[in-house]
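In: need coordinates for the following:
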Amino acid sequence: MIKDINKIVIVGGGSAGWMSATTICRVFPDKEVVVIESKNSPTVGVGESTLGFLNDWLFLVGLKKEDFMSECDATYKLSIKFTDFLEKDSGSFHYPFGNPIFQTDRVFGGTEKWYIKKMVFPETPISDYANTYYPSMTLVNNNKFTKKIISNGSVVFNHEMDSAVHFDAAMFGVWLKNNVCLKSGAKVINADIIDFVESEKGIGSLLLDNGEKVSADLFIDCTGFKSLLLGNFLKESFIDYTHLLPNNRAWATRIPYTDKEKELEPFTSCTAISNGWVWNIPSWKRIGTGYVYSDKYVSPEDALKEFKSYLRSDKMTVPDKYRDVDSLEYRDIKMRVGIHERTFVKNVVAIGLSAGFIEPLESSGLYTVHQFLMSLCQLIERNKISQWDIDAYNMINFQQFNAFADFVVMHYALSLRDDSVYWKDVTSKTFYPDIINENFTNHRTPIDLAIRKFHSNSWSELDSRNGASAGLNCVATGLNYFPLSATSAYLKYSKYGIDIKKEASEYVKETDLIKEEWISASSDSKSLFQYLSEEVYHESK
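Out: Predicted coordinates:
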């Protein structure tokens with residue numbers, strides 16, 4: 001049992017370390033917080049794109065996106081765009097944030113309506129799915145932004161909960177340090193850890209290169225992939241996930257804008273290429289881009305050549321592609337894909353990359369940081385943490401991590417690409433029993449349920465407005481994997497005498513009117529560049 005948690009030592013700065021310190025300082029202002037920050041350990045710097053889940057953490061610590069955006073090179077993010085994940089040159093689809101808007105006044109329930117529409121009118125493009133259920137797509141499609149969209153007297157889009165951010169994660173950590181943590185009394189020690197003293201409770205104290213010896217009631221490991229405390233000192237076993245998610249490296253660079261009005265987009269772009277995929281993240285001052293790949297299939301040298309070739313090509317997702325690629329600076333990042341079997345051991349809890357990492361797809365880098373921190377708060381509330389609490393924390397976070405890993409895996413499992421050895425292997429990989437079996441790692445996740453719902457043609461559980469379900473709907477649909485087949489639809493409704501074609505036609509009329517209302521309601525919105533210039537950065541064009 002960890003008794004009387006009064007002093008908490010966080011090892012490692014960066015976004016994970018300072019988000020951890022911010023959480024403790026704001027939620028438990030009576031606790032003593034010490035951050036040991038090394039000047040010799042650069043942050044990874046790939047977590048520049050976030051998910052809507054970040055808003056819950058911001059609410060918890062009493063912050064708004066607008067508080068820090070101008071100091072962190074930040075822009076608003078409304079969606080994730082996926083290109084060529086279905087097949088080579090197959091086009092794009094979106095996964096927007098926020099709640100889908102379902103129309104419930106007709107025979108068909110929830111998302112069943114759209115799939116029947118697609119069955120009756122097969123020429124309906126895949127992009128219509130997101131456009132039908134997400135009002136924010138009126139902004140995404142026109143490169144605009146506004147605080148709210150009000151349609152027929154109802155708020156159908158609210159930026160506070162329906163948007164995320166692109167930002168410089170390292171700058172965000174520094175902002176939290178200076179504007180929240182230091183002002184709340186957190187102490188900073190700039191030193192490197194050279195050893196530790198083991199005790200019955202786990203780590204008794206840390207020995208620093210400046211001669212200090214630091215003890216604590218609870219240690220939070222934010223040392224990144226090296227996992228100094230949990231992995232190195234306490235030797236907690238690590239579960240490698242590369243059998244499910246082979247990507248283990250990334251080349252990253254930054255490119256300047258050539259036409260900021262056009263190129264500053266309110267979404268992250270992910271484009272599949274021969275041995276992985278390329279991200280495109282438009283922050284305020286520049287575009288962050290990188291190639292996520294597996295060194296099992298391509299060498300780092302050849303991957304860099306592929307990446308440069310992509311940046312020169314018409315596939316580059318900004319309108320005016322940047323061609324002077326040899327003048328850019330490139331970083332080769334090695335990723336540890338997987339999670340420690342336990343992320344809380346004795347008096348050490350790991351947060352962020354030191355706990356586990358899935359891969360950059362779906363912006364998962366900071367996801368585990370804020371989600372694990374919110375779980376940790378529930379434990380610290382008790383002040384005395386029993387082994388039961390630790391076991392429950394480990395189970396919940398392990399399940400949550402695996403649920404998200406399952407979700408990321410689905411982007412590859414549902415692909416039909418076969419244009420390279422990489423894609424042939426990824427798409428021919430069997431996921432039974434690892435994911436399809438409900439006993440995957442002894443847990444059941446929303447994705448497990450989703451697969452079973454697909455094949456049972458029952459969408460009642462997937463129509464719930466939670467992130468996993470909504471995201472799975474968008475991604476599965478974009479990858480041409482529908483839960484409702486033509487055969488099952490006719491079987492389900494024809495026996496009740498329902499004219500499916502008539503119902504689908506009426507549904508098209510209704511949704512077309514609704515989409516027109518959304519477009520009209522957002523027609524006066526400014527471009528994202530104009531909005532940020534005036535409302536966030538206060539710059540003239």
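
In: state the mean pLDDT of stretch 415-435.
Out: Throughout stretch 415-435, pLDDT has a mean value of 85.

In: can you give me the offset of it from its chain's centre?
Out: Offset of stretch 415-435 from its chain centre (C-alpha atoms, centre = their mean, to the nearest Å): 22 Å.

In: swap in stretch 489-508?
Out: Computed by C-alpha atoms, centre = their mean, the chain-centroid distance of stretch 489-508 equals 37 Å.

In: same question for stretch 165-175.
Out: Counting by C-alpha atoms, centre = their mean, stretch 165-175 comes out at 15 Å from the chain centroid.

In: contacts for it?
Out: Stretch 165-175 is contacted from outside by 13-19, 43, 45-50, 54, 65, 68-69, 71-77, 268, 281-283, 288, 365-366, using C-beta atoms under 8 Å, 6 or more residues apart in numbering. No exception for glycine: its C-beta is placed from N, CA and C like everyone else's.

In: which residues are contacting stretch 121-136?
Out: By C-beta under 8 Å, 6+ apart, stretch 121-136 touches 78-79, 91-98, 100-102, 111, 114, 117-118, 137, 141, 149, 151, 156-157, 162-163, 473-474, 477-478, 480, 504, 508, 511, 515, 518, 521-522.

In: can you flag the buried ones in those?
Out: 78-79, 92-98, 100-101, 111, 114, 117-118, 137, 141, 149, 151, 156-157, 162-163, 473-474, 477-478, 504, 508, 511, 515, 518, 521-522 (16 or more other C-beta atoms under 10 Å).

In: what stretches of the chain score poorly on pLDDT?
Out: 41-47, 103-111, 317-323, 432-470, 540-541 (pLDDT under 70).

In: residue closest to the middle of it?
Out: Centrality entry for the chain: nearest residue to the mean C-alpha point is residue 363, 3.0 Å, by C-alpha atoms, centre = their mean.

In: surely that residue is in contact with residue 51?
Out: Yes - here residue 363 reaches residue 51: they are 5.2 Å apart, a contact under C-beta atoms under 8 Å.

In: name the residues contacting each of these two.
Out: The contact lists of residue 363 and residue 51 share residue 164, where a contact means C-beta under 8 Å, 6+ apart.

In: which residues does residue 249 bridge with?
Out: residue 293, residue 334 (DSSP bridges).

In: continuing past the host helix or strand of residue 488, what's the next helix or strand?
Out: Residue 488 is part of helix 486-494, with elements assigned from DSSP states H and E. Where DSSP H and E defines the elements, the next helix or strand beyond helix 486-494 is helix 500-521.

In: give me the buried positions along that next one.
Out: 500, 503, 504, 507, 508, 511, 514, 515, 517, 518, 519, 521.

In: ok, and what's touching that helix?
Out: In contact with helix 500-521 (C-beta under 8 Å, 6+ apart) are residues 101, 103, 106-108, 113, 116-117, 119-121, 131-132, 135, 138, 149-152, 156, 489-490, 493-494.

In: report the distance from that helix to the chain centre.
Out: On C-alpha atoms, centre = their mean, the centre of helix 500-521 falls 31 Å from the chain's centre.

In: can I get it in PDB, CA atoms only?
Out: Below are the C-alpha coordinates for helix 500-521, written out as PDB (Å, rounded to 0.1, in the frame of the first residue of the first chain):
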ATOM      1  CA  ILE A 500     -36.700   0.000 -49.200                       C
ATOM      2  CA  LYS A 501     -36.200   2.100 -52.300                       C
ATOM      3  CA  LYS A 502     -39.000   4.400 -51.300                       C
ATOM      4  CA  GLU A 503     -37.600   4.800 -47.800                       C
ATOM      5  CA  ALA A 504     -34.100   5.400 -49.200                       C
ATOM      6  CA  SER A 505     -35.400   8.000 -51.600                       C
ATOM      7  CA  GLU A 506     -37.200   9.900 -48.900                       C
ATOM      8  CA  TYR A 507     -34.100   9.700 -46.700                       C
ATOM      9  CA  VAL A 508     -32.000  11.200 -49.500                       C
ATOM     10  CA  LYS A 509     -34.400  14.200 -49.700                       C
ATOM     11  CA  GLU A 510     -34.400  14.700 -46.000                       C
ATOM     12  CA  THR A 511     -30.600  14.600 -45.600                       C
ATOM     13  CA  ASP A 512     -30.000  16.700 -48.600                       C
ATOM     14  CA  LEU A 513     -32.100  19.400 -47.000                       C
ATOM     15  CA  ILE A 514     -30.300  19.100 -43.700                       C
ATOM     16  CA  LYS A 515     -26.900  19.300 -45.400                       C
ATOM     17  CA  GLU A 516     -28.100  22.400 -47.200                       C
ATOM     18  CA  GLU A 517     -29.100  23.900 -43.900                       C
ATOM     19  CA  TRP A 518     -25.700  23.200 -42.400                       C
ATOM     20  CA  ILE A 519     -23.900  24.700 -45.400                       C
ATOM     21  CA  SER A 520     -26.100  27.800 -45.100                       C
ATOM     22  CA  ALA A 521     -25.500  28.100 -41.400                       C
END
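
In: against which helices or strands is the following helix or strand past that helix packed?
Out: Following helix 500-521 in sequence order, the next helix or strand is strand 526-527 (DSSP H and E). Packed against strand 526-527 by the contact rule (3 or more C-beta pairs under 8 Å, 6 or more residues apart in numbering; DSSP states H and E) you find strand 144-145.

In: sheet-wise, list the partners of the strand it packs on with their directions.
Out: strand 526-527 (antiparallel).

In: what sits against residue 477?
Out: Taking C-beta under 8 Å, 6+ apart as the test, what residue 477 contacts is 93, 114, 126, 129.

In: nearest to residue 204 among those?
Out: residue 93 (52.8 Å; C-beta to C-beta).

In: re the thing from before, can you tell me which of the contacts of residue 477 are in helices?
Out: The helices, defined by DSSP state H, take in 114, 129 from the contacts of residue 477.

In: need the max-distance pair from the contacts of residue 477.
Out: By the measure C-beta to C-beta, 93 and 114 form the most distant pair in the contacts of residue 477, at 13.0 Å.

In: figure out the helix or strand that the residue nearest to the centre of the chain lives in.
Out: Counting by DSSP H and E, there is no helix or strand that carries residue 363.

In: what's the closest non-adjacent residue to it?
Out: With sequence-adjacent residues excluded and distances taken as C-beta to C-beta, 6 or more residues apart in numbering, residue 363 is closest to residue 49, at 4.2 Å.

In: now the helices for the stretch 1-150 of the chain?
Out: Assigned by DSSP state H, counting those that start in this stretch, the stretch 1-150 of the chain shows helices spanning 14-27, 54-60, 65-68, 112-120, 127-133, 137-140.

In: quick one, which of those gets closest to residue 213.
Out: Judging the helices of the stretch 1-150 of the chain by C-beta to C-beta, what sits closest to residue 213 is helix 14-27, at 20.3 Å.

In: chain center to that closest one, what's the gap?
Out: 19 Å.

In: repeat for stretch 250-262
Out: Distance, stretch centre to chain centre, for stretch 250-262: 20 Å (C-alpha atoms, centre = their mean).

In: dump that stretch to CSV, restricted to CA.
Out: Provided in CSV are the C-alpha atoms of stretch 250-262 (Å, rounded to 0.1, in the frame of the first residue of the first chain):
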residue,chain,number,x,y,z
ALA,A,250,9.4,7.5,-38.9
TRP,A,251,11.2,10.1,-40.9
ALA,A,252,10.0,13.6,-39.9
THR,A,253,10.5,17.1,-41.3
ARG,A,254,9.0,20.5,-41.5
ILE,A,255,8.2,22.4,-44.7
PRO,A,256,7.3,26.1,-45.1
TYR,A,257,3.9,27.3,-46.4
THR,A,258,3.8,28.6,-50.0
ASP,A,259,0.2,29.7,-49.9
LYS,A,260,-1.0,29.7,-46.3
GLU,A,261,-4.6,30.6,-47.1
LYS,A,262,-5.0,27.4,-49.1
